[in-house]
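Colleague: Need coordinates for the following:
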Amino acid sequence: MASSRDRQRKLAREKLDRQLARRAAAARRRRRIQAGVGAAVVLVLIVAGAAWGLGAFDREPEQKAAEDVCLWTPQDAAANTNLKDVGTPATKDLPTTGVRTMTIDTDQGGPITAELDLAGAPCAGASIAHLAGASFYDNTKCHEITTEGALRCGDPSGTGLGGPTYSFYNENVPTAPEASPSASPQPGQPPTYPKGTVAMIGNPPGANGSQFLLFFKDSSPAQPAYPIIGRITGGLDVVEKIGALPTVDNGAGAKVKPKTDVVIRKLTVGEAQAAPAPATGSPAASPAASPSAG
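Modeller: Residues are numbered from 1 along each chain as shown. Now for the predicted structure:
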């Protein structure tokens, strides 16, 4: 009987040991699973935090603001009543390559056409296009035939002091010619402002607005100050004819005012386009350069 009871106790103990072993193994498995899940959660949180810091969960992707191409400096129309307010051009997303075609219809014949260089003078191109779109130049006078061989236009007041209610800085001003005993360039040296050049003229110099020069002669001033913005492509003969008009005193002691009024009836500027291949020879003459009544 004793041996039978001992055997039963032994079997019961072995069964209990097996149960305890199974429970211990199950506990170890649970701990391993929990540890793995915890590590995975930590990893997910780290990745999510990094992504959040980099803006991955922003509702809208942050876009870099476009940079200003041109800056326009306000001018006080109360201090200078010759200024005309037609707003300001855009500052961003302006074309900086290619050309715009400027067309000038005058009462002295024409049309006069020019290519505005958007790579060399993008702000001048943007400004003239803006002003032309506002009819700023229409029915204005070219008030001066300069001693440097250029027709000066673009001031509605005709005083040399007028323009829009903003200005912009110089761009594409040529360098001074090499020093020489005379005012003329060295033999073989090209002129600073070749005949057919279109340039801005500021008042004061460096504060450009609306006024521009159409050169009908080669010019090489000792200290170039006019930003080159383009070249005449047609109607240069009209500009030359205007340049030959007699001049009278402009009221400030300079005999530079055309004796006959020179009126811009309409000035337009086209959309930006690719620059054409460099042309050879002189600009084309106007197809109809005879004066019209006006």
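Colleague: Any chance you could list what contacts stretch 76-90?
Modeller: Stretch 76-90 is contacted by residues 70, 72, 75, 126-127, 129-131, 134, 136, 155-157, 159, 161-166 when judged by Cβ atoms under 8 Å, 6 or more residues apart in numbering. From N, CA and C alone the C-beta is placed, and that goes for glycine too.
Colleague: Just give the number of residues close to the closest residue to Asp249 other than its chain neighbours.
Modeller: Once flanking residues are discounted, Asp249 sits nearest to Lys255: 5.5 Å by Cβ to Cβ, 6 or more residues apart in numbering. If you count neighbours by other Cβ atoms under 10 Å, Lys255 ends up with 12.
Colleague: same deal with Val239?
Modeller: Neighbouring residues of Val239 were enumerated by other Cβ under 10 Å; the total is 30.
Colleague: go on, the one 10 residues further on?
Modeller: Residues lying near Asp249 (other Cβ under 10 Å) number 10.
Colleague: Any stretches of the protein with poor pLDDT?
Modeller: Regions of the chain meeting the criterion pLDDT under 70 cover residues 1-65, 178-187, 278-294.
Colleague: which stretches of the stretch 151-294 of the chain form strands?
Modeller: Per DSSP state E, counting those that start in this stretch, the stretch 151-294 of the chain carries strands over the ranges 163-164, 166-167, 197-200, 212-215, 228-234, 247-249, 255-258, 263-269.
Colleague: Quick one: closest of the ones you listed to Thr175.
Modeller: Of all the strands of the stretch 151-294 of the chain, it is strand 228-234 that lies closest to Thr175, at 11.3 Å by Cβ to Cβ.
Colleague: Would you mind extracting the C-alpha trace of the closest one into CSV?
Modeller: As requested, C-alpha coordinates have been extracted for strand 228-234 and formatted as CSV (Å, rounded to 0.1, in the frame of the first residue of the first chain):
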residue,chain,number,x,y,z
ILE,A,228,21.5,99.6,-72.7
ILE,A,229,18.1,97.9,-72.9
GLY,A,230,17.9,96.9,-76.6
ARG,A,231,18.4,97.9,-80.2
ILE,A,232,16.4,99.4,-83.1
THR,A,233,15.4,96.8,-85.6
GLY,A,234,13.4,98.9,-88.0
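Colleague: what does it contact?
Modeller: Outside of strand 228-234, the residues that reach it under the criterion Cβ under 8 Å, 6+ apart are 99, 101-102, 111-117, 120-121, 124-125, 128, 172-174, 193, 196-200, 212, 214, 239, 279, 283-287.
Colleague: The spatially closest residue to Thr197 that is not a sequence neighbour: neighbour count?
Modeller: Spatial nearest neighbour of Thr197, chain neighbours left out: Phe215 (4.4 Å); criterion: Cβ to Cβ, 6+ apart. Applying other Cβ under 10 Å, we find 27 other residues in the vicinity of Phe215.
Colleague: OK, contacts around Phe215?
Modeller: The contact partners of Phe215, taken as Cβ under 8 Å, 6+ apart, are 148-150, 193-199.
Colleague: Out of the residues you listed, the closest to Lys141 would be?
Modeller: Checking the contacts of Phe215 against Lys141 by Cβ to Cβ gives Ala150 as the nearest, at 15.2 Å.
Colleague: quick one: the helices in this protein?
Modeller: Counting by DSSP state H, the chain forms helices over residues 2-53, 122-133, 236-243, given from the N-terminal end onward.
Colleague: what's around Tyr169, how many residues?
Modeller: Taking other Cβ under 10 Å as the definition, Tyr169 ends up with a neighbour count of 14.
Colleague: residue contacts, it?
Modeller: If you count contacts by Cβ under 8 Å, 6+ apart, Tyr169 has them with 71, 73, 123, 206-208.
Colleague: Just grab the bridge partners of Lys266 for me.
Modeller: Lys266 forms beta bridges with Asp105, as assigned by DSSP bridges.
Colleague: Quick check on the contacts of strand 228-234: which are buried?
Modeller: 99, 101-102, 111-117, 121, 124-125, 128, 172-174, 193, 196-200, 212, 214, 239, 283, 286 (16 or more other Cβ atoms under 10 Å).
Colleague: Please report the number of neighbouring residues for Arg265.
Modeller: Residues within reach of Arg265, counting by other Cβ under 10 Å, total 17.
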